[in-house]
Structures are given as C-alpha cells and as structure tokens.
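Colleague: Build me a model:
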Amino acid sequence: MVKRAGGALLLAIEIDPASPRPVSTQLYAALRELMLSGAIAGGERLPATRTLADELGLSRTTVIHAFDRLIAEGLIESRVGAGSFVSAALNSERPQQPPEDARAGAGRREPRLSRAMRWAVDRFGDRPRLPHQPRPFITALPAFDAFPMAQWARIMAKHWRTPRDQVMGYGEPAGHPQLRRAIAGHLRANRGIACEADEIIIVGGAQQAFHLVGSTLLDPGDRVWFENPGAIGARNSLLACGADLVPVPIDREGLRVEEGLRRARDFRLAFVTPSHQQPLGHIMSLERRFALLNAAEQAGAWIIEDDYDGEFFFGRRPLPTLKSVDRTGLVIYVGTFSKSLFPALRLGFMLVPGELVDTFRRVAAAFVQGVPSSIQAAVAEFIDEGHFSTHIRRMRRIYEERHAALCEAAARELGGVLEVVPTDSGLHTISHLPPDLSELAVAAAADARRITVSPIARFSIEPTPVNGLVLGFGGVKPAAIRTGVEVLAQVLEGLTRHR
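Modeller: Presented below is the predicted three-dimensional model:
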C-alpha cells in the first residue's frame with residue numbers, strides 16, 4: 001500500500017540559513033514548540049520526511065535528523081506503514097505556561113525557600129556582588145599581571161598528556177595524593193603547622209570548605225561565633241547551613257572572647273581570621289588565641305581558622321596561625337589558592353583534626369564532586385618544583401610596593417579626609433572616614449567613577465563603630481593605584497562640599 005503525502009501543513013516554520021544554529025536544530029526546536037504548545041494536537045499525523053523537506057526547501061537528511069531527536073524524546077511516534085504521528089500523550093492535561101505578565105514578574109508566585117536561605121536572602125541578598133575585574137580598589141584579587149603563565153601552561157600541558165583515566169576520571173574524593181603531600185609540606189615549612197597529608201581534604205575553594213564544615217558539624221539553629229565585621233563568603237555559607245550567627249566584636253587584639261561568652265556561652269562553632277582579620281587587618285594576640293581555644297574546649301565547640309592571605313606578609317616575619325598553637329585538636333584550618341595563585345582554579349583545602357579525618361573523608365566521598373585531577377596534579381607539581389615558593393616571594397615584594405604606592409598617594413591626596421591604615425600583610429587595608437561622611441555614600445559615588453571601595457558595613461552583621469572603607473591594592477599596578485587615589489580624592493571633595 002502506497003502512503004499518501006498527507007499530514008499537518010507546517011509552512012509557518014521559518015529556517016534562517018544565516019543563523020549559527022544548525023538547520024536541523026532549528027527545525028527540531030520549531031517542531032518541538034508546535035507540539036508542546038498544542039498547535040499540533042496529540043495523535044495528529046505529520047508529513048512524510050520527503051514531503052516536509054520539499055515544502056521547506058531542506059534536505060531530507062536534515063528532516064530525518066530532527067524527527068529522530070523528537071522520536072528519542074517521545075514527542076513523535078513512528079508507526080510502520082502509516083507514518084509519523086504526534087504522541088497521543090500530549091493530549092493529556094499538562095502544566096500551563098504562565099501569562100506574559102507573570103513571566104515578567106507581575107503576579108508571579110514567590111518560590112518557597114528553606115527558612116535558613118529565606119532569612120539569608122532577606123538579610124544579605126540585596127548586596128550586589130563586587131566587580132571582579134582589576135580596578136582600583138577592588139579587594140580579593142591577586143596580581144594577574146605577575147603570574148608566571150608560561151611555567152603554568154607548560155605544567156598543565158604535560159598533565160593533559162597523561163593517561164586518559166587520570167585526566168578524565170573522578171579522582172580520589174579527598175584529593176590528589178601528591179597535592180595533599182605538597183600542601184602538608186608547605187604548611188610545615190612555611191606556616192609552622194605540624195600536619196600530615198592524610199589530614200588534608202581538597203575542596204573547590206574556601207567557601208565550599210565553610211559550607212562543608214557547617215553542614216557536617218552544625219544542626220539548624222546551632223550558635224556560631226562570627227567576627228563582626230567579618231568575611232562575607234564564610235558568613236553566607238554558614239547561614240545557608242542554618243547556623244545562628246552570633247556577631248562578636250573585634251578590637252586590636254582580635255575576637256573579643258569575653259564578649260562572645262557573654263552573648264552565647266553555648267556556641268557550637270567559632271569562625272576567625274586570626275592572622276589578618278577580614279576586613280580590619282588586626283592580628284589576634286596570643287592571649288586571645290589561648291582564650292578562644294579554652295572557650296571552645298569548655299563548650300565542646302569547633303573553630304574554623306580562615307588563613308585566606310597569610311602567605312603575603314611583608315613585615316619582618318610571617319604571621320602566626322592559630323592552628324600552630326592549638327593543642328586542643330579543635331581547629332579546622334582552611335586555606336585557598338585563589339589569592340596565592342588565581343581564583344579561577346576554584347581550589348582550596350581543609351586541614352582537619354585527627355578525630356574528624358574519617359568523617360570528612362566519608363563526607364567528601366559521598367557529597368563533594370572534587371576539583372579536576374589535572375588541575376590538582378598541576379598545582380602539586382608547581383609546588384614541588386619550587387615555582388610556588390618563588391612566586392610567593394615575588395608577590396610579597398609586589399604587594400609591598402603596591403601598598404607603599406597606596407599609602408604615599410593617600411598621604412598626598414587624601415590627607416584630612418581619609419585616613420589610610422598601613423598594614424604588614426595581605427592584599428587590602430582599611431581607611432577611616434570622618435564621622436559625618438557616610439561610607440555608603442562614598443562607595444556609591446566612587447562606583448559611579450569606576451572606583452570600587454567597600455564600606456565596612458558590607459562585612460557587618462550588626463552595626464560597628466568603624467566608619468570606613470576597605471581598599472584593595474593587590475590587583476592593580478602602582479600607576480593605576482595613584483590614579484585611583486586622585487579620583488577618590490575628587491569624589492570625597494565633592495561629597496564634602498555638598499555635605
């Protein structure tokens with residue numbers, strides 16, 4: 001029996017030969033939309049592939065490819081001797097597409113969030129992310145221009161030529177063994193921390209580490225001491241775990257432990273940046289470190305130490321870590337390569353106490369997808385060959401030079417209006433504004449001039465007595481820093497004149 005050239009008329013389908021999308025993909029998408037929208041009813045017969053090809057001016061192969069994709073999705077049923085038909089299942093009741101005004105936002109139902117995430121979004125979700133391109137005075141960006149790209153490219157190319165199962169597989173959940181050994185060796189030699197490779201867990205950046213700790217060790221509502229002002233990424237990660245953050249004030253000796261005990265003696269976790277407080281830059285005194293360790297031991301609490309830029313001291317000696325004096329076994333040390341190498345690696349690590357090693361290894365195996373093995377292997381070789389140490393030493397000199405450029409330009413251009421506080425470490429420092437000049441207004445006016453200054457309030461859970469700005473100097477060259485200071489001086493002059 002000869003089939004008749006029947007079926008639905010599909011002449012409304014438009015194919016754009018100039019489009020970068022393949023013609024078969026355009027046809028597939030057009031047919032799929034007609035079926036899902038109900039323009040072609042379920043059970044209706046489609047034209048033969050040859051007929052549709054003639055009508056649309058396409059090759060029959062193109063039409064067959066589109067039909068095959070729709071058959072694979074179950075939208076078309078092919079019946080031997082009868083032709084191709086739209087699936088009858090499309091006649092059943094299906095979710096309706098919302099009206100145009102609802103899709104634009106008018107009258108749209110709000111998604112139901114978890115209580116922890118709803119609280120976090122309501123409290124901090126309206127704070128836009130800072131631009132992440134080098135410009136004065138962006139924070140948290142290393143000097144991209146000084147990274148040894150040739151050496152890195154050579155090592156990466158070498159590891160892409162290793163056996164495919166090593167490059168393309170999942171890798172070990174706790175991390176590449178060579179990288180864990182390299183990190184442990186670096187911490188022993190450069191940060192004064194006694195540790196072994198088995199205690200290292202590789203993660204996709206410090207923020208994943210904070211979330212992993214929170215979701216593993218905290219129940220929703222558990223109280224967490226948190227530096228105020230403090231690190232934004234850690235704050236958001238712990239909030240997403242349902243933590244009840246207890247803001248603990250900071251002074252020149254670091255976290256005020258006595259105030260923490262007054263506010264929440266039953267805390268379950270404490271988060272600190274003792275080597276270079278984020279964002280104020282203070283170093284936690286030895287007395288405060290011991291007080292914090294004793295308080296955690298009494299409460300049965302854990303401590304997260306975030307050593308986010310401890311490599312970059314340019315004073316006389318390296319800044320001490322809390323982990324190096326810990327005898328309680330309660331400190332979880334978190335490090336990252338985002339600043340010591342570059343952020344796009346998305347590579348960090350946790351040094352966990354011995355009694356938590358098995359727990360975090362099981363958690364990593366079950367829930368952490370891991371960083372590509374080739375990247376981990378390349379970083380390990382970068383460390384083992386000595387390039388990492390050479391790079392760190394060079395970056396210390398560069399950041400010291402850029403810090404000096406900022407302080408000198410500020411003394412010349414900003415005297416009497418903005419007091420820049422010198423620092424001995426890191427990629428940023430803070431500055432103080434007069435009490436009657438709003439840090440939020442300065443940040444907004446500076447942003448309009450393509451200058452990024454972060455108000456202290458951005459880092460705060462509750463208001464602090466500090467009225468000032470965080471100024472990054474690591475990601476831009478001295479000439480750009482000097483130009484940025486001149487622009488900031490103009491911004492401050494304009495605001496002062498209209499105050």
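
Colleague: buried residues in the helix or strand hosting A444?
Modeller: Here A444 sits within helix 439-448, counting by DSSP states H and E. Using 16 or more other CB atoms under 10 Å as the test for burial, helix 439-448 gives 439, 442-443, 445-446. The way it works is simple: take the backbone N, C-alpha and C, and place the C-beta from them, glycine included.

Colleague: Which residues are in contact with L52?
Modeller: 7, 10, 46, 58, 63 (CB atoms under 8 Å, 6 or more residues apart in numbering).

Colleague: Could you single out the nearest of the residues you listed to A89?
Modeller: For the contacts of L52, the residue nearest A89 by CB to CB is L46; the value is 15.4 Å.

Colleague: Torsion angles phi and psi at that closest one?
Modeller: Dihedral angles of L46 (phi, psi; degrees, to the nearest 10) stand at phi -100, psi 150.

Colleague: I figured it hits R79, correct?
Modeller: No. Using CB atoms under 8 Å as the test, L46 is too far from R79 to be in contact (11.0 Å).

Colleague: quick one: common contacting residues for these two?
Modeller: Counting by CB under 8 Å, 6+ apart, the residues touching both L46 and R79 are F85.

Colleague: Which one's more surrounded, those two?
Modeller: L46 (24 against 9; other CB atoms under 10 Å).

Colleague: name the helices or strands packed onto the helix or strand hosting L70?
Modeller: If you go by DSSP H and E, L70 is part of helix 60-72. Applying 3 or more CB pairs under 8 Å, 6 or more residues apart in numbering; DSSP states H and E, one finds that helix 60-72 contacts helix 23-37, helix 49-56, strand 76-79.

Colleague: contacting residues around it?
Modeller: Contacts for helix 60-72 (CB under 8 Å, 6+ apart): 23-25, 27-28, 31-32, 35, 46, 49-50, 52-53, 56, 76-78, 84.

Colleague: With just CA atoms, put it into PDB.
Modeller: C-alpha atoms of helix 60-72 as PDB (Å, rounded to 0.1, in the frame of the first residue of the first chain):
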ATOM      1  CA  ARG A  60      15.600  15.000   3.600                       C
ATOM      2  CA  THR A  61      18.600  14.100   5.800                       C
ATOM      3  CA  THR A  62      18.100  17.300   7.800                       C
ATOM      4  CA  VAL A  63      14.400  16.500   8.400                       C
ATOM      5  CA  ILE A  64      15.200  12.900   9.400                       C
ATOM      6  CA  HIS A  65      17.700  14.100  12.000                       C
ATOM      7  CA  ALA A  66      15.100  16.500  13.500                       C
ATOM      8  CA  PHE A  67      12.500  13.700  13.500                       C
ATOM      9  CA  ASP A  68      14.900  11.300  15.200                       C
ATOM     10  CA  ARG A  69      15.500  13.700  18.000                       C
ATOM     11  CA  LEU A  70      11.800  14.100  18.600                       C
ATOM     12  CA  ILE A  71      11.300  10.300  18.500                       C
ATOM     13  CA  ALA A  72      14.000   9.900  21.100                       C
END
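
Colleague: any idea how far R346 is from the residue nearest the centre of the chain?
Modeller: Most central in the chain under CA atoms, centre = their mean is Q207, positioned 6.4 Å from the mean C-alpha point. Distance check for Q207 against R346: by CB to CB, to the nearest Å, it reads 9 Å.

Colleague: got it, and R394?
Modeller: Counting by CB to CB, the gap from R394 to R346 is 23 Å.

Colleague: can you check R115 too?
Modeller: Applying CB to CB to R115 and R346 gives a distance of 29 Å.

Colleague: What residues does A377 make contact with?
Modeller: 159, 162, 166, 176, 178-179.

Colleague: which two from the residues you listed end up farthest apart in space?
Modeller: Top of the distance list for those (CB to CB): T162 and L179, 14.4 Å.

Colleague: Those two: who's more crowded?
Modeller: Comparing T162 with L179 by other CB under 10 Å, the one with more neighbours is L179, at 27 against 12.

Colleague: for the stretch 201-350 of the chain, what spans make up the helices?
Modeller: 206-217, 232-240, 257-263, 286-299 (DSSP state H, counting those that start in this stretch).

Colleague: Mind giving me the packing neighbours of the longest one?
Modeller: Here helix 286-299 is seen to pack against strand 254-255, helix 257-263, strand 269-272, strand 302-306 when contacts are counted using 3+ CB pairs under 8 Å, 6+ apart.

Colleague: What is the neighbour count of F342?
Modeller: 17.

Colleague: From M149, how far out is it?
Modeller: 10 Å.

Colleague: Likewise for G335?
Modeller: From G335 over to M149 (counting by CB to CB), the distance is 23 Å.

Colleague: Could you do E199 as well?
Modeller: Distance from E199 to M149, by CB to CB: 32 Å.

Colleague: Now H428. Its backbone dihedrals?
Modeller: phi -150, psi 170.

Colleague: Let me see the contact set for it.
Modeller: Contacts of H428 by CB under 8 Å, 6+ apart are 137, 139-140, 279, 281, 470-474.

Colleague: Just give the nearest non-adjacent residue to T139, would you?
Modeller: Nearest residue to T139 in three dimensions, chain neighbours excluded: G472, at 3.7 Å (CB to CB, 6 or more residues apart in numbering).

Colleague: Report how many residues lie close to the one you found.
Modeller: Counted with other CB under 10 Å, G472 comes out at 26.

Colleague: okay, it: pLDDT?
Modeller: On the pLDDT scale, G472 is placed at 94.

Colleague: can you check the one 10 residues further on too?
Modeller: Residue-level confidence at R482 comes out at 96, pLDDT.

Colleague: any idea how far A489 is from it?
Modeller: Taking CB to CB, one finds R482 at 11 Å from A489.

Colleague: A150 now?
Modeller: Distance from A150 to A489, by CB to CB: 39 Å.

Colleague: okay if I get the contacts of L52 as TSV plus distance to I456?
Modeller: Formatted as TSV, the contacts of L52 follow (distance: CB to CB, whole Å):
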residue	distance to I456
G7	69
L10	62
L46	65
L58	63
V63	63
